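Q: Predicted coordinates and the sequence they were generated for:
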Amino acid sequence: MSDVSPEAPVAEEPPPEDAPDSAPQAALPTAKTPSATREGPGAGEDAAAGERGGKPVGTDLLEHDAKPADPFSAFAPEPEFVPGRFRRIASRTGSGLTRFSSHEWTLAALGSIALAVVMTWPALRHPATTIPQNIWEPTQQAWQMSWAGHILTTDPLRLWQANAFYPDQYSYAFSDTLLGYAPAGMIGSGPEAALVRYNIIFVLVFAFAFFGAYALARQLGVGRTGAAVAGAAFAYAPWRLAHAGHLNVLSIGGIALALAMLARGHGFSLRRGYEPDKRRWGWVLGGWLVAAWQMSLGFAIGIPFAYAVLTILLATAITWGYKHLRRRDAHRPFGWKLFFANLGGGLVFTGVSGLMAYPYRQVLQQHAEARRSPEIIELFSPPLKGFFISPPGSVWWGEVHANARSALGWAPEKALEMTLLPGFFLYGLAFVGLFVSVWRLQHRILLGVGVIGTAILAMGTNGPLHGDIGYMTLYRFLPGFEGIRTSGWLIVWVTLFLALLAAGAVGALSERAVELFADRTQSDVGNRAGAWRVVTLIPLVLVLAEGIPQYKPNPEVPPAPVAMSTLQAPLMVLPTSERFDMNVMLWSTDGLPKMANGGSGFTPADQETLRANMEQFPNESTVTQLRSLKIRTVVVLRDEAAGTPYARAIDAPIDGLGISRTEQGDVILYKIDG
């Protein structure tokens, strides 16, 4: 037998010329050598080289000024280049930055911010002198961030004893605190810094809401376009235009992002169900921390969110328990790492909620007027038609719905909180999503039930049986709801459920567009279906269009008439009223002196009495009262007080009262000795 392998042998390549074991090289051929002519053993190879367009070796070397080969390369080849540590770090950093900058989440975050700048314009046009919507609640919220940033870096134990509303206790809890924005409040000081800080946060709030809903929809299993529709619907629903002055109501991005992170950490999505191999304890812990941060922004939105999280936990436990009883081999919802991540994160969430709840409970005990009575709830409960009426700020529906808005409530500014339109295009997409969607039928039904259920709750006393089947039951039996002014703020959840239904419909449309491309071209889909996906951008454009506000310049905030840090505290500014005092609170960010002025979601009874008495200032009774409160300075703004009940303080006689009066331009200062 032949020992030759049946397979054809592979010709071995000749060893490289610089191999250590190669034979010594012959002298370079010249024009006279046989290889340089068509004679000799190498003539055929040279001819072949010529036919290929090459040139004889000798001729090539003669025509080029080539350097002679290194004679030592046969024994010591040039070593391979090895980059140094700095070059390796730079290379890795560059590739890492490239991957990061092109990652979907980076692009989504940057796109969210860019879109927010455009949709909230002109918030950043003059950020140091103007503020969105009006100069009342926004200036008070700008003060809130300043106070939190200041006190947490100087005397954290006095957080809840704010400089305003002196001498009342827990005055920082008289309204939603926006405590979660305290890190921003640590940057800069004074009224101008407070305005710049507020305007930046105002823009980022919209960006965060878009990004949070986008992340939630993506995690649940929809494509990018569908997720963008969900983000647009959640961040730019027309009803939010009525709350441009309520940063606490606009701050909802943490709700969607926390749910997205918790779902991701537990390996859960609507399309793929529960996938144990995708569980990640870090995402779970991060989700709980984001949820805790959301609670720190205030209870108007936080209380319903806390009960929603509790409902999800109970539903998950009941569902797993039922499956476990039916099937003993059912997967555990999570392992030990996730167990401790949930335990630790849940404790942080509960702890933050408890720490936030304590001062609010103290306020309710000390000020009965802070509790929302059933009559107040009824006054602010939106009717069913409110879900189809836009606030005046909408560029499309603002003027069209003017008559409908006028019939909503007892005061135009209060009726704005009853204009709860999430968007007509969103309604249409959500309706389509009930029938055509990437979500399973059971999930579509649950989302539809969520829309109807939360809408009934948002109607307050206008719900079934005067709200007894709905919000009033929550008001009577669940702690926290007695401090919420209007049930209409539950429109946040109505919008979220509608956004997810719409995302499912757009996701199905996008997938169908790709399938049509493949059917018509009889080819792979690949990236060539992008043109077909452009069609699915139409719903995104329509949803965004309904959230476009009417353009108008933001109002200018009155500058501080006097440097508050130069005045002897405690002090009081006249005139005083709930709204005007919000400007005074902003001015007080210069030094943050203690002062009797303050505006919030309710008026403390003792402050109302003081305001009424100060209409007679200066006289013996008011001076005696101010001395008992240890107030040392009264600031009277001449132009503001003129024509008001406080005009007497401009030039009333002060003989025998034991006080002094000086004037600084438009400002009159009264010094009250102890």
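A: It's in.

Q: what about the helix or strand A148 falls within, distance to the chain center?
A: A148 is located in helix 137-154, with elements delineated by DSSP states H and E. The chain centroid and the centroid of helix 137-154 are separated by 19 Å, computed with C-alpha atoms, centre = their mean, to the nearest Å.

Q: How about stretch 586-597?
A: Here the centre of stretch 586-597 is set off from its chain's centre by 29 Å, with C-alpha atoms, centre = their mean.

Q: Any idea how far apart the tips of that stretch sit?
A: End-to-end distance of stretch 586-597 (C-alpha to C-alpha, to the nearest Å): 11 Å.

Q: With stretch 600-611 instead?
A: Stretch 600-611: ends 15 Å apart by C-alpha to C-alpha.

Q: quick one on the thing from earlier: who are the packing partners of the helix holding A148?
A: Judged by 3 or more C-beta pairs under 8 Å, 6 or more residues apart in numbering; DSSP states H and E, the packing partners of helix 137-154 are helix 182-185, helix 191-220, helix 247-250, helix 580-587. C-betas here are computed from N, CA, C, even on glycine.

Q: Okay, buried residues for it please.
A: Going by neighbour count (16 or more other C-beta atoms under 10 Å), the buried part of helix 137-154 is 137-152.

Q: confidence score at the residue lying closest to P122 once chain neighbours are set aside?
A: Nearest residue to P122 in three dimensions, chain neighbours excluded: N554, at 5.9 Å (C-beta to C-beta, 6 or more residues apart in numbering). Note for N554: predicted pLDDT of 95.

Q: residue contacts, N554?
A: Residues near N554 by C-beta atoms under 8 Å, 6 or more residues apart in numbering: 122-123, 125-126, 130-133.

Q: Assign it to helix, strand or coil.
A: When classified by DSSP: H, G, I helix; E, B strand; the rest coil, N554 comes out as coil.

Q: now it: how far from I650?
A: 32 Å (C-beta to C-beta, to the nearest Å).

Q: residues near G188, how many?
A: Residues contacting G188 under the criterion other C-beta atoms under 10 Å number 14.

Q: Tell me which helix or strand it sits in.
A: Following DSSP H and E, one finds G188 outside all helices and strands.

Q: shaky segments in the stretch 401-550 of the chain?
A: 410-414, 517-533 (pLDDT under 70).

Q: where along it do the helices fall?
A: For the stretch 401-550 of the chain, applying DSSP state H, counting those that start in this stretch gives helices covering 402-406, 412-415, 424-433, 441-458, 471-477, 491-521, 530-533, 537-546.

Q: Could you identify which of these is most buried?
A: The highest average neighbour count among the helices of the stretch 401-550 of the chain, using mean count of other C-beta atoms under 10 Å, belongs to helix 491-521 at a mean of 23.

Q: same for that helix, what does it pack against?
A: Partner elements for helix 491-521 (3+ C-beta pairs under 8 Å, 6+ apart): helix 191-220, helix 224-235, helix 253-265, helix 299-326, helix 424-433, helix 441-458, helix 530-533, helix 537-546.

Q: which strands and helices sit next to the fifth one?
A: Under the contact criterion of 3+ C-beta pairs under 8 Å, 6+ apart, helix 424-433 touches helix 441-458, helix 491-521, helix 537-546.

Q: Show me what the first one is in contact with.
A: The set of residues that contact helix 441-458 without belonging to it, under C-beta under 8 Å, 6+ apart, is 270, 382, 387, 420, 430, 433-434, 437, 439, 463-464, 469-471, 474, 487-491, 493-494, 497-498, 500-501, 504.

Q: just how off-centre is that helix within its chain?
A: In this view, helix 441-458 has its centroid 24 Å away from the chain centroid, taken as C-alpha atoms, centre = their mean.

Q: Same question for stretch 379-393.
A: Worked out by C-alpha atoms, centre = their mean, stretch 379-393 lies 25 Å from the chain centre.

Q: just stretch 103-114 next, same as before
A: Distance, centroid of stretch 103-114 to centroid of chain: 12 Å (C-alpha atoms, centre = their mean).

Q: buried stuff in that stretch?
A: By neighbour count with 16+ other C-beta under 10 Å, stretch 103-114 contains the buried residues 108-109, 111-113.

Q: which residues does D639 contact?
A: D666.

Q: Is it in a helix, a strand, or coil?
A: D639 is classified as helix under three-state DSSP.

Q: Show me where the stretch 551-674 of the chain has its strands.
A: Applying DSSP state E, counting those that start in this stretch to the stretch 551-674 of the chain gives strands spanning 571-574, 633-637, 659-664, 667-672.

Q: tell me the most buried of those?
A: strand 571-574 (a mean of 25).

Q: re the thing from before, so which of the helices and strands packed on helix 424-433 gets nearest A90?
A: With C-beta to C-beta as the criterion, A90 lies closest to helix 537-546 of the helices and strands packed on helix 424-433, at 38.9 Å.

Q: In CSV, list the strands of the stretch 551-674 of the chain along with distance to L426 and mean pLDDT.
A: As requested, the strands of the stretch 551-674 of the chain are exported to CSV (distance: least, C-beta to C-beta, whole Å; pLDDT from 0 to 100):
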stretch, distance to L426, mean pLDDT
strand 571-574, 45, 97
strand 633-637, 46, 97
strand 659-664, 54, 94
strand 667-672, 51, 96
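
Q: Done for today, thanks.
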